[in-house]
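Asks: Sequence plus the predicted model coming up.
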Amino acid sequence: MDATVKSNFTAKEPHAPAKSSVFWRPTAKTGLISWLTTVDHKKIGFLYGLAALMFFLVGGFEALLIRLQLMVPNNTLLTAQQYNVMFTMHGTTMIFLAVMPLGACFFNIIMPLQIGARDVAFPRLNAFSLWTFVAGAIIINIGWFLPGETAPDAGWFGYAPLTSKAFNPGHATDFWVLGLQLLGVASIAAALNFIVTIINLRAPGMTMMRLPVFTWMTLVTSFLIILSFPAITIALVEVMMDRQFGTNFFEVSNGGMPILWQHLFWIFGHPEVYILILPAMGIISEILPTFSRKPLFGYPIVVFSGAAIGFLGFTVWSHHMFTTGMGTVATAAFSLATMAIAVPTGVKIFNWIGTLWGGHLKMRTPMMFALGFIWMFMIGGFSGVMHAAAPADAQQQDSYFVIAHFHYVLIGGSLFALLAGIHYWFPLVVGRQVSDFWGKLSFWVVFVGFNVTFFPMHFLGLNGMPRRTFTYDGNMGWNTANFIATCGALILASGIAIYFSVMIYTFFKGQKANRDHWDGRTLEWSLPNPPPEYNFRVIPTVHARDAFWYEKHHRDEIERENAEHAKEDEAHGGIHMPFQSIYPLVASSGVLIGAFGACYHTLIVALIGGSVMLSGIYLWAMEGADGYHIHLDAEGNVIEDHDAKH
Amino acid sequence: MSDSHATSAAAPAHDAEENKFQIYVQIAMLLAVITGVEIAVIGLPFTKWLLVTTLVVLSVVKFMYVIFYFMHLRWDKLFCTILFFIGLVIAGATMWALLELFGMHDSIPLTSVALDAVADMARLV
Amino acid sequence: MRLNSLLTTTARWGRVALALGGTAFLTGCDLNFWRMDGHQSTISVAGPVAVAQRNLFYVTCWVTFVIFVIVGSVLAYATIKFRARSESEELAKPVEQGHGNPLIEVGLIGASVLALVIIAIPTLSAITYTHDVPEAEKSNAYEVTATGYQWWFHFEYPSEQVPNSGPLVVANELVVPAGRPIHVNLRSSDVIHSFWIPKLAGKVDMIPNRGNYLWFQADEPGYYWGQCAEYCGDSHAVMRFRVIALGPKEFNEWLNRQMASARVVAPGADQPKAHFASYRTEFKRNEKGWSDKFELNPLDSWRVHQEADVKAEDVALIQKGRETFQAKTCIVCHTVRGHEGIGVNGPNLTHVGARTTIAGGLLENNPEQLARWLRHPDEVKPGNKMYHGIGAMAGYVKIENGKEVKNIVLDEADISALVAYLSSLK
Amino acid sequence: MSSSHAATGAIDHHHDHTTTTGIPNKKLLMWAFLASDCMFFGSLISTHLVYRLHPPPGNPVPREVFDIPLTSFSTFILLMSSLMMALAVNAIQKGNLKSMRFSLLTTIFFGAIFLGCQVFEFTHFVHEKHMTITNSILGTTFFTLTGTHGTHVAIGVLWLIMMYVRSFKPADASAHPGWFFRNVLHVAAVVGLVLTAMFSVLALVDALETGGGIGAFASHNVALVAGLVITAAASVILARPKGPVQFSEANAIDVESMGLYWHFVDIVWIVIFTAVYLLEYL
Ligand code: HEA
Ligand code: HEA
Ligand code: CUA
Ligand SMILES: [Cu+2]
């Protein structure tokens, strides 16, 4: 694994650069190879983002099919089987392949910039996370393309024993199980990397209580990932063993208890939903201060409540199981614990409002999405509290009321924030400026469409419509609400379409944005756009929370400091950059092949995959975490860049 | 437990280094002895809860010795301890909660309800 | 130019909205879905458990609504009051950089906790109340056992022992006494299902290897819609059932009829009547299996189903149907107590004619729909076991050398005979 | 890694000046990973215990299956391997390469014995006690849990071997163009040695048990014995250092984080030994 990046560039060159004949050191800075071998956190983040947005469109397309099928009673657009595939893949795609990687995209691109680092702690491990994520996404979706197979259709939480060979004989569930397994590996590896980065690569003066809130939420989310994913890993291993080797974990005839899957899944599953929302809250906590031109109200308590949400998230999993007959004691305990989460969440809402209070609110697109977030997330949170009242939930569980609840928190919450974040950081990352008019238009269409789609679902749920039903009869009083919801989904889709068209247009043709586009407060805004490969010409020294805001108001002091540090850097041999590497990609391809072999239970393919992976890791270890140094002139242009062996 | 050393690690490091070999060997012996005691304990004719408590305490002691000495938490920065204990505590609490949940009457699986009924009868008789 | 495009966009959207509204109007949508008074409403409910659950829901609803109004007003006020109205305002010297106010924070936390306590107390009491039949009423409770199968429900009455047969068994329509607490044991034979009659009680899951139960009570005699509420495979959406609550007298009458063996149609009755000619034989996939007439008073429709229309029965055809039932191996999966059927893997058909629905509450029980079911079970209920078979037991098709081959083939004559026979099983 | 300290003299193994907290990145990574692994084994052990709470009829009775002396022996072995691992870290922190190599080899040796015991235990359970991974829930959870732990041990052994071999990498790679392939060969030889040794011992035990004695073992397992000799010879030959090596005190952190992993696997066994084996005997 990689050594620290920083440790290298404070050192003098121990000996002359030496090239090894065995290892290929790709040096391309553009073109396909540069992307495949990149270890640059910004490029990796960008790839995460691209993949996530593509999967978001796929997941949205599946959602549209779902809505069209339910537009009228007794519809025949999809067969039952196709419909079941649709909602399974919609849920799985949206959660694991769209919102989570979009979070990872922001973690990767923004977090190191916010803490004043030149990269993450383990750049090659970061690349490995990316490619393993891609491998997992491929495995989950591969069923669409193989003749005689279907995509997974056991629901996004795949309750045993429906996932067992007896009830799901094809390979679809194997794809789901192994795909999720790979995504878990990718997420854990990435999260470990982020934790080390945030703890260890902060710029001088960046104490924990000066970290931007988004970075804090990255840290909390990473902890949630490393502590919750192992539970689903084990659960998936158990299903896989049952399917492939005939074990009895969920085999009732030998004493297996299917309920165990539910526990293990939700021990993961509930923290997972906070994995989806905490980054969103972090983004909102960046946008609101910037556009109110005020510091975040009650920073310590916002940070603390974020951590508290994360922690409490581990104590409430069984609220997804109120109807499984847990008995009064357990039900009451989980009910109360769940309600408790409303308190730290409320704290965040209150502090956001406090941030607005007395500011000069700049109503730009990111701000619109951020305000939309507060409203929508509040509604979603309230329906969450209604679920938390266990006896009431007995009527709501597995009905459209749940669908309404979680789309309010997932779309109105996570997605709105992510869309806000894209708008917010677009000028920095891409260097172009998004049209405010079109941005706002897309916001309003999305906002209206979203509410028209999902608000009626509350009524549907209370009126007894169960979820995951491919058809319903016309005599149940559900026709109108369903029809409206489908119309809403079409409006929502147009909003999304506008949003993406604008973004794509801007990406290629948009007006160049000036530096520090929004008058930002955190360090990433101190960089030119797009940020150079080495990020910071001089590692900044942090004197306050909202570090860049401070810099802007203490120009002379900072300039003096930077000049000094630049000299020191130069004395140490310039800026250290890690070499690119192909081996993470090799290792991930091995993982992909191996997982595919495991799906089909073909030992030989699995072994080939395993050995490719092992060789990848071995070569990766042997090539070492070497790098080279670059030297900059006063404008930040690279004047010299030579290979150097550590 | 470890912070006092972490902060002053630099100065007395040298003496500690010298003795570590001894410490490691001693601890290994201690661990072996505890393992022996554990094996002996299961044969003792005491009440079950006492034995269970003894076993749990003994393994926790072993556990702590390994992480604080072999894994040098004792000499490292406090943060490493905190980091690991976050995982340990959440995992431990989750295990405990799971065992409680499955220990409840409502969770007895149907496959062993019959067995339980037999046991109940036996107790009554 | 911007304004222009805005106007055209608005106009376009307006037209779309109009078109959609018009379509909605034309397709006969009534815009009063918030009344929530459907057959599976959890709001207009009919028993104490559901009432307790709904009242708790109201509590949560009101508390959160009040919070929403308060917090929302402050948020709206702040947004309107403090928004920058011009570029110069945006660029104005930043306001004083305050960092928070502990007093407000603590106050708000206190208020939130208080609100939660208001919700928590009724929650706790409802948890105890809805969990099981209240102690005082235990002696009055009536016990049934419900078992989920992919994709139908099997009901047993442990307190009604049929001589030489064990407890009374029925399928898909649970008949219970009104005004008495019902304790339902929940079991599953394959995957997880969930037992839900919204108007009577919230759901509890039927989990393999787990002894769950719930209780409910129907205050008045009535006809209630229920549905499986846990995704259980292909036909989960059409895994439905009914609960019929009857007054004590009527319930006993029903019990007596059910306890009897299957009805034997006496030979030598009236002239045979050919009454199958006018049936539809073609159905669209997913087409609804309901007549509107039935909706008007479902309980009465149920009552009508209990009595055989002896005059209209075609004795010869029924006799032929009984033979076909045997010849086509239907007996392997279905029990018709007293007749040849002995299988236990499919719904018990002893008194299938007396039910209002077939195929797990999906289709109305009339000859037309019955024929539809027998003709193409797989189109009515995708993946269902009657068509695909259960394990080694062949259904309409079976797997031979990895290929699907036909096993039970029914021609229209078989179907009409079977329909006549099954309908006669009152 | 810490060449910056070369100027100031001794490397402080408890403080890395290049990171914000002073904890080396690799160490932090490993501790965070172990925190995650707690949850991993927590879920797995819970599964086993949950099924032990309500055994279905026909479940084997664990105390009739288990073999406490054997398990105690392997527990002891694993403890000793932990000791050797700690000594290896200690050695390299003082720059004592020879002593580190020796300690690593002993750690590998103990790890291999543990794995051998497990293979023996598993075959014993399957063949003598008729408990397989499929025929009962106890078999399912027991084999999955201990098998997963065994896999962790095996990964640890592989890692130890790679670290051991890496300590022979020449300081000036360009002067030894073939070093990489030599290195790969070396890994293969040591892995082969460990495997053949393990299976030889198992076969030997089997031969002794069935009364055939050493002669029977040698005549039935010619291939194994030959393999043993060849891989042992190759390991020794390839281990002859060629000039100065790159591995040094600065690599202590690599050995240390590997050590953390190894010790963790050991403490997981401490828990398993109590929760899975000993508690059954009360
Ligand atoms: C982003 C994801 C996200 C978030 C943030 C949440 C947040 C919450 N969720 Fe949600 N939930 C999901 C995603 C999420 N959920 C998903 C995906 C499912 C379904 C999974 C499936 O079945 O497929 C689900 C299902 C679900 C259930 C199970 C329903 C069922 O299946 O029966 C429950 C039950 O308790 C629940 C509760 C809550 C609660 C109490 C919160 C709380 O965190 C909300 C807290 C917020 C507020 C309360 C609003 C703001 C607070 C104030 C203004 C303060 C004052 C307020 C009070 C004092 C009340 N959720
Ligand atoms: C973050 C998560 C997320 C997001 C963003 C969404 C977004 C949407 N979901 Fe979501 N949904 C889930 C998570 C999410 N969902 C989960 C977890 C489930 C449960 C699954 C289960 O039960 O297992 C679920 C289930 C679910 C159901 C219930 C299905 C059922 O139970 O039977 C419905 C029904 O209306 C629905 C609708 C929608 C709609 C209309 C959107 C819209 O917001 C989508 C908007 C986006 C678009 C419309 C894309 C626009 C695309 C184009 C403009 C062009 C397309 C072009 C190409 C593909 C090239 N979803
Ligand atoms: Cu049975 Cu859904
Ligand atoms: Cu949850």
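Replies: Yep, that arrived. Ligands and ions are numbered 1, 2, ... in the order given.

Asks: Would you agree residue A:149 falls within a strand?
Replies: No - under DSSP: H, G, I helix; E, B strand; the rest coil, residue A:149 sits outside any strand and is assigned coil.

Asks: SS state for residue A:186?
Replies: Put simply, residue A:186 is helix when judged by three-state DSSP.

Asks: That one - how many residues pack around it?
Replies: 27 (other CB atoms under 10 Å in any protein chain shown). Placement of C-beta: from N, CA and C, glycine included.

Asks: Now for it: which residues touch it?
Replies: A:128-130, A:132-133, A:135-136 (CB atoms under 8 Å, 6 or more residues apart in numbering or on different chains).

Asks: So it versus ligand 1, what's the distance?
Replies: Applying CB to the nearest ligand atom, to the nearest Å, the value for residue A:186 to ligand 1 is 20 Å.

Asks: Same check on residue C:135?
Replies: Distance from residue C:135 to ligand 1, by CB to the nearest ligand atom: 28 Å.

Asks: what's the spacing between that residue and residue A:39?
Replies: For residue C:135, the distance to residue A:39 equals 67 Å [CB to CB, to the nearest Å].

Asks: next one: residue A:571
Replies: 26 Å.

Asks: okay, those two: which has more neighbours?
Replies: Per other CB under 10 Å, whichever of residue A:571 and residue A:39 has more neighbours is residue A:39, with 25 against 10.

Asks: Secondary structure class of that one, three-state.
Replies: Classification of residue A:39 using three-state DSSP returns coil.

Asks: isn't it right up against residue A:124?
Replies: Yes - counting by CB atoms under 8 Å, residue A:124 is a contact partner of residue A:39 at 5.5 Å.

Asks: Touching both of these two, which residues are there?
Replies: In contact with both residue A:39 and residue A:124: A:578, A:581, A:584, using CB under 8 Å, 6+ apart.

Asks: Turn those into JSON lines, including secondary structure.
Replies: As requested, the shared contacts of residue A:39 and residue A:124 are arranged in JSON lines below (three-state DSSP):
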{"residue": "A:578", "secondary structure": "strand"}
{"residue": "A:581", "secondary structure": "coil"}
{"residue": "A:584", "secondary structure": "helix"}
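
Asks: burial count for the nearest residue to residue A:116 once chain neighbours are set aside?
Replies: Excluding its sequence neighbours, the residue lying closest to residue A:116 (CB to CB, 6 or more residues apart in numbering or on different chains) is residue A:203, at 2.9 Å. By other CB under 10 Å, 20 other residues sit near residue A:203.

Asks: Would you list the phi and psi of residue A:203?
Replies: phi -60, psi 160 (degrees, to the nearest 10).

Asks: ranges for the helices of the stretch 251-400 of chain C?
Replies: Along the stretch 251-400 of chain C, the stretches classed as helices by DSSP state H, counting those that start in this stretch are C:292-296, C:298-306, C:315-327, C:367-375, C:377-380, C:385-388.

Asks: Indicate which one of those helices is closest to ligand 3.
Replies: helix C:385-388 (12.4 Å; CB to the nearest ligand atom).
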